[in-house]
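1. no sequence on this one, just coordinates:
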């Protein structure tokens, strides 16, 4: 990807050749064979990996679910200068976000500089991060084809800056910032531990975002479940102090393997481990690994194990791979906890974190049923069934029928049965007593200057030479009509037909 001054700006931003504009605020990766969402539709829904420049000039990354590009624009535009949505590779948007987008931001020393943040469109598709093969180098995607094939090119940080920022940085600045990158990523200090106390301390660090951190207790076994990683085969690699680590990952020291799922600063820890001779591994590489066997009330103390679903008991250790000991619970044991509540919709168990109380109908439902069957009314801040969703224009979100019917801020247009917000749309009361949105009245009815009202009955419209229109049935008789013409110094533009003027007057006589 190159930055060319010939490309047109979108929303004030020059777009590189591998991106395209969705609207004035949102850009998106161009379609390419092998990338997801090959055709961009404004109503297309799915997980999005997002990088944006905030109103304050900072870079923020986010992964959001069930959001169309229109919704991304609507939700983020109020506090973003520019939003870029990545097209992920075939392995999925979640994996792409965590494996490719986040490492390009975590620990990146250049993000502290405004020149790097303000020009984020220059690097947002390159996704530069520390090289896993060349210590101190930058690894980036040269183009979309290489991104599809997951091929990163290592380059010295100074050459990277010269290539993509040479027009805005001096040679002295390039040298300074190249040293800044190399100094950050060349020689990070890594600790490999198989000590149970040290491992527990690392896992208790809340900021790394694991479901196994249990900072103040909370497991259901006799001890913190991560203590089972204290050998004889597995261990933990981490950066920083054990009390406040920058990153951690599961390792098999004797085989120089790390399980390729990191928590925290993935780029630095991965680069350091590769430099030490470690290589990435997946579940099949960790089959047969032994972990500590800790019994509790007839069950086993185990964490949620990323690299295995099952284990077997050999009497001394638990062996990862086959077996009947489940390793996918988050309560610290191999068995599921009794649910605190039962979903009133599907009947499944749920804990308090998954519980959603629907006060409008007095029901407790799980997250899945809440997302599938209900919506949040922005007016009342309460959930309602999907069939109670009102058709609305304006406002900021979704609203229930009960809310818009009882709220004076809304009115319903009888032409399309849609509720309109009065702060953004104008209501019109017709001569016949009906309510319409102003644009509907303008398209379908006419304004009677005599009655000073909109009239639905266009069959009895009379157009005048002064540009006004009147409703024939709005006059009591011929004399009143002629008097109106005299007072307004005008005439009928075309002779009235019998069903316009004469008939109503005859009926009135």
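-> Good, I have the coordinates. As the structure is a computational prediction, the values presented were derived from the model and not from experiment. Numbers count the residues shown, from 1 in each chain.
2. Residue 485: which element?
-> helix 478-487 (DSSP states H and E).
3. Go through that helix and flag the buried ones.
-> 481, 484-485 (16 or more other CB atoms under 10 Å). The way it works is simple: take the backbone N, C-alpha and C, and place the C-beta from them, glycine included.
4. Name the SS class of residue 53, please.
-> strand (DSSP: H, G, I helix; E, B strand; the rest coil).
5. Actually, residue 236.
-> Per three-state DSSP, residue 236 ends up strand.
6. Stretch 445-463 spans what distance, first to last residue?
-> 13 Å (CA to CA, to the nearest Å).
7. what mean pLDDT would you report for that stretch?
-> Stretch 445-463 carries an average pLDDT of 93.
8. List the contacts of the residue positioned nearest the centre of the chain.
-> With distances taken as CA atoms, centre = their mean, the residue of the chain nearest its centroid is residue 64 (2.0 Å). If a contact means CB atoms under 8 Å, 6 or more residues apart in numbering, then residue 64 has 47-48, 50, 72, 75 as its contacts.
9. If I look at it, what pLDDT would I see?
-> On the pLDDT scale, residue 64 gets 71.
10. Residue 272 too?
-> pLDDT at residue 272 comes out at 81.
11. repeat for residue 243
-> Residue 243 is given a pLDDT of 87.
12. Can you classify the residue lying closest to it once chain neighbours are set aside by secondary structure?
-> Closest residue to residue 243 apart from its sequence neighbours, by CB to CB, 6 or more residues apart in numbering: residue 201 at 6.1 Å. At residue 201 the chain is in helix, as set by three-state DSSP.
13. related to what we said a few turns ago, looking only at pLDDT, what's the mean for the helix holding residue 485?
-> 91.
14. Rebuild the contacts of residue 64 as a markdown table, extending it with secondary structure.
-> What follows is the contacts of residue 64, written out as a markdown table (three-state DSSP):
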| residue | secondary structure |
| --- | --- |
| 47 | coil |
| 48 | strand |
| 50 | strand |
| 72 | helix |
| 75 | helix |
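15. For these, which two are the farthest from each other?
-> Farthest pair in these (CB to CB) is 47 and 75. Separation: 14.5 Å.
16. now do the same end-to-end measure for stretch 53-67.
-> 19 Å.
17. er, stretch 420-430 I mean
-> Rule used - CA to CA; the end-to-end distance of stretch 420-430 is 17 Å.
18. With stretch 255-273 instead?
-> Span of stretch 255-273 from end to end, CA to CA: 13 Å.
19. next one: stretch 292-309
-> OK, stretch 292-309 end separation, CA to CA: 16 Å.
20. buried sites along it?
-> 292-294, 296, 299-308.
21. Could you measure from the residue nearest to the centre of the chain over to residue 24?
-> 20 Å (CB to CB, to the nearest Å).
22. got it, and residue 94?
-> 28 Å.
23. got it, and residue 146?
-> 30 Å.
24. and the longest helix that the chain contains, which residues are buried?
-> Criterion DSSP state H: the longest helix present in the chain is helix 171-185. Buried residues in helix 171-185, defined by neighbour count with 16+ other CB under 10 Å: 174, 177-178, 181-182, 184-185.
25. With stretch 146-165 instead?
-> Here stretch 146-165 shows 147-148, 152, 154-158, 160-162, 164-165 as buried, counting by 16+ other CB under 10 Å.
26. Show me which pair in these is furthest apart.
-> 148 and 158 (28.1 Å).
27. Tell me where the protein has helices.
-> 69-76, 93-96, 114-118, 144-148, 157-165, 171-185, 196-203, 266-275, 367-373, 401-406, 438-444, 478-487, 502-508.
28. and the gap between residue 75 and residue 57?
-> Taking CB to CB, one finds residue 75 at 20 Å from residue 57.
29. So for these two, which sits in the more crowded spot?
-> residue 75 (15 against 10; other CB atoms under 10 Å).
30. Test my guess that the more buried one contacts residue 67.
-> Yes - with contacts counted by CB atoms under 8 Å, residue 75 reaches residue 67, the gap being 7.0 Å.
31. Below-threshold pLDDT in the protein: ranges please.
-> 1-14, 36-46, 65-66, 89-92, 186-188, 206-218, 337-339, 495-509 (pLDDT under 70).
32. which residues are contacting the longest helix of the chain?
-> By CB under 8 Å, 6+ apart, helix 171-185 touches 107, 109-110, 113, 130, 135-136, 138, 156-158, 161-162, 165-166, 169, 267-268, 271.
33. about what we covered before: quickly list what the residue nearest to the centre of the chain is bridged to.
-> Using DSSP bridges, the bridge partners assigned to residue 64 are residue 48.
34. Tell me what residue 455 is bridged to.
-> residue 446.
35. contacting residues for it?
-> For residue 455, the contacting residues are 430-432, 445-448, 461, 471, 474, by CB under 8 Å, 6+ apart.
36. returning to what we had before: which of the buried residues of stretch 292-309 sits closest to residue 249?
-> residue 306 (9.3 Å).
37. From residue 379, how far off is that closest one?
-> Distance from residue 306 to residue 379, by CB to CB: 43 Å.
38. again with residue 312
-> 56 Å.
39. next one: residue 259
-> 47 Å.
40. what about the residue lying closest to residue 256 once chain neighbours are set aside, how many neighbours?
-> Spatially, and ignoring its direct neighbours in sequence, residue 256 is nearest to residue 278 (4.8 Å; CB to CB, 6+ apart). Residue 278 is flanked by 22 other residues according to other CB under 10 Å.
41. show me the contacts for residue 278.
-> Neighbours of residue 278 in contact, by CB under 8 Å, 6+ apart: 237, 251, 256-258.
42. next one: residue 377
-> Counting by CB under 8 Å, 6+ apart, residue 377 has contacts 383-384, 398-400, 403.
43. Please identify which of those residues is nearest to residue 343.
-> Nearest member of the contacts of residue 377 to residue 343, counting by CB to CB, is residue 383, at 13.6 Å.
44. The closest one reaches residue 371, doesn't it?
-> No - using CB under 8 Å, residue 383 makes no contact with residue 371, being 10.4 Å away.
45. out of those two, which sits in the busier spot?
-> residue 383 (21 against 13).
46. Can you name the residues bridging to that one?
-> residue 376.
47. Over to residue 59?
-> Bridge pairing for residue 59 - DSSP bridges - gives residue 53.
48. how about it, what does it touch?
-> 51-53, 105, 111, 117, 120.
49. Now the phi/psi pair for residue 434, please.
-> phi -100, psi 160 (degrees, to the nearest 10).
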